[in-house]
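1. fold the following.
(one chain, ligands or ions: 1)
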Amino acid sequence: MTAPSAGAVPLCITMDARDNVAIVANDGGLPAGTVFPSGLRLVDKVPQAHKVALVDIPEGGEVRRYNVAIGYALRAIPAGSWVHERLLRMPAARELVGLPIATVQPPAQAPLTGYTFEGYRNPDGSVGTRNILAITQTVQCVAGVTDFAVQRIKAELLPKYPNVDDVVALEHSYGCGVAIDAPDAVIPIRTLRNISLNPNFGGEVMVVSLGCEKLQPERLLPPGSFAISLAPGTPAASGPQGGAAALGRPGTGVDERNVADVGASEATALDVVCLQDDAHVGFMSMVDAILRQAEQHLQRLNARRRETVPASELVVGVQCGGSDAFSGVTANPAVGFCTDLLVRAGATVMFSEVTEVRDGIDQLTSRASTPEVAQAMIDQMAWYDAYLARGRVDRSANTTPGNKKGGLSNIVEKAMGSIVKSGSSVISGVVAPGEKARQKGLLYAATPASDFICGTLQIAAGMNLHVFTTGRGTPYGLAEVPVIKVATRSELARRWHDLMDVNAGRIADGEAGIEDIGWELFHLMLDVASGRRKTWAEQWQLHNALVLFNPAPVT
Ligand code: CA
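-> The predicted structure is shown next:
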């Protein structure tokens, strides 16, 4: 496997002119003794994506990347040395006081008009990129029965309804054996509710319940909460007024507001199959009931057709996983460029992963559209700091062995590379965990960085397209929403040629610019959203589990 650059010119990439380290770009790294065109000579072997000191750094001196101190030298580091995590002391977390508030107003960018995709318009105004029957479950106890029924639905019913893409059981581990009245239980409950209402499910809510569980169907989906199927002509519930809805901290009563403004006029009864109903005699009676109910929803979903809608109907969640030091050099900056394009097109883009943006909080609060939005971000970070402190850890618990092997020394360096996914636009809103996004523009959706929990919460927020960057490589995918995966390195993109959708490694190879990959991603998103292209994860049906964020106790 030979890259065009391998064995050719030694190449290192500097993110900011004030940095005193750069990362080695060449496949396979570079041996000691290598001399760069600048005259810098390597004194150590440096693996690909790892850092090299550009100048002599004294003991205690700052190690700067992204023009930020990512650490302090534990001993003198001569120019040309491999700068790895064992040589660095990590800076303390930025205090959440005295932050710059809405100080940076990025120049307004020209609107991007004329871009469209083919989507499924829902009665409430939202737009799906897929046409999926989702079966909600109140509790894990029913998962086996539901799965059995779904296999039969796929084999016996789905072929009769060719306009329906898939049938998905929304399996999870919540619903009973949990302290359901604990204040923080509001998070998993509203997450499940809002997942059921994701635009890709067309408002066809159906529930399988056991009967004796703590999370009763009417608590999960109270009357008026599942009103995505508002009659045509009914004013849409979504709108800017709800936007900063999300100003509440996790665990506050904001959830009830969410429910209330979805349209209380809806009087439709919730469609529930309850396994403990006396009417069921034997297992097949339960399965048949699920099939019978499912067919009614399939008939309505099958009648839907794609229509041309503006790119502003995209609700994109971005996240990264299996990151390396190239993540913040190639893939994430390209995603950030694409984020700006989407915001200019009027779309919604959510960036997330609290522990991966915590160290850049001052960059984020300064980019907030208003002091209220900045305060909402600070509240989310403070809540998460306290949550981590309860477990006697801090944000540094985030990094993995693979991150470090991939050249990321600590969470500060990882965070600087992660934040660039958010581009340069003003941050116009905050979405608390499990809540639904109710406005357009660039939003901070507060979620843990865990790939599955972040993805699950972004589905709840109404995501209809997911972008995922990876450097170490992960086959991540979701059944509910298409996932476009972006590789940070060409070597990964070549080895995982049938798992990676975009190769941002061409930026490090000098074959493409950040803008080129950003535009490529933008066009791919419109194709995938339209159903014209399938992502590799869709092709192979690689589906990770829904993992609910439950900060409340279990019993
Ligand atoms: Ca992640």
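2. who in this structure is up against the ion?
-> Residues of the chain lying near the ion by CB under 5 Å from the ion: 319, 321, 449, 451, 454. For glycine as for every other residue, the C-beta is placed from the backbone atoms N, C-alpha and C.
3. tell me how far the nearest residue to residue 340 once chain neighbours are set aside lies from the ion.
-> Take residue 340 and drop its neighbours on the chain: the residue closest to it by CB to CB, 6 or more residues apart in numbering is residue 423, 4.1 Å away. From residue 423 across to the ion, the span is 18 Å (CB to the ion, to the nearest Å).
4. contacts only, for the residue in the stretch 151-300 of the chain that the ion sits nearest to.
-> For the stretch 151-300 of the chain and the ion, the shortest gap (CB to the ion) falls at residue 191, measuring 16.6 Å. Residue 191 makes contact with 433-434, 456-457, 460, 548-549 under the criterion CB atoms under 8 Å, 6 or more residues apart in numbering.
5. what about it, helix or strand, and which?
-> In the assignment (DSSP states H and E), residue 191 maps to helix 186-196.
6. local confidence estimate at the residue of the chain positioned farthest from its centre?
-> In the chain, counting by CA atoms, centre = their mean, residue 281 sits farthest out from the average C-alpha position, at 42.8 Å. On the pLDDT scale, residue 281 is placed at 97.
7. ok, now residue 245?
-> Taking residue 245 on its own, its pLDDT is 33.
8. with residue 505 instead?
-> Residue 505 is given a pLDDT of 96.
9. give me phi/psi at it?
-> Note on residue 505: its backbone torsions stand at phi -60, psi -20 [degrees, to the nearest 10].
10. and the closest residue to it other than its chain neighbours, what's its pLDDT?
-> Excluding the flanking residues, the one nearest residue 505 by CB to CB, 6+ apart is residue 490, at 3.4 Å. Predicted confidence (pLDDT) for residue 490: 95.
11. I figured residue 490 hits residue 507, correct?
-> No. The criterion here is CB atoms under 8 Å, and residue 490 misses it with residue 507 at 9.4 Å.
12. of these two, which one has the most company?
-> residue 507 (26 against 23; other CB atoms under 10 Å).
13. let me see the contact set for that one.
-> So residue 507 contacts 329-330, 333-334, 513-514, 517 (CB under 8 Å, 6+ apart).
14. let's see it at 6 Å
-> 330, 514 (CB atoms under 6 Å, 6 or more residues apart in numbering).
15. confirm that it sits in a helix.
-> Yes. Counting by DSSP: H, G, I helix; E, B strand; the rest coil, residue 507 is located in a helix.
16. residue 400 versus the residue nearest to residue 340, what's the distance?
-> 25 Å (CB to CB, to the nearest Å).
17. repeat for residue 519
-> Counting by CB to CB, the gap from residue 519 to residue 400 is 31 Å.
18. ok, now residue 540?
-> Residue 540 is 24 Å from residue 400, by CB to CB.
19. what's the following helix or strand after the lowest-mean-pLDDT helix or strand in the chain?
-> None of the helices or strands of the chain scores lower by mean pLDDT, DSSP states H and E than helix 254-260, at a mean of 39. Scanning forward in sequence from helix 254-260 by DSSP H and E, the next helix or strand is strand 271-274.
20. how about that following strand as CSV, C-alpha atoms only?
-> The C-alpha trace of strand 271-274 is given here as CSV (Å, rounded to 0.1, in the frame of the first residue of the first chain):
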residue,chain,number,x,y,z
ASP,A,271,-51.6,2.9,19.0
VAL,A,272,-50.4,0.5,21.6
VAL,A,273,-50.0,-3.3,21.5
CYS,A,274,-49.9,-4.4,25.2
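21. counting by contacts, list what it packs against.
-> Under the contact definition 3 or more CB pairs under 6 Å, 6 or more residues apart in numbering; DSSP states H and E, strand 271-274 sits against strand 206-209, helix 283-302.
22. CSV please, covering these and showing mean neighbour count.
-> Output for the helices and strands packed on strand 271-274, formatted as CSV (neighbours: other CB atoms under 10 Å):
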stretch, mean neighbour count
strand 206-209, 24
helix 283-302, 17
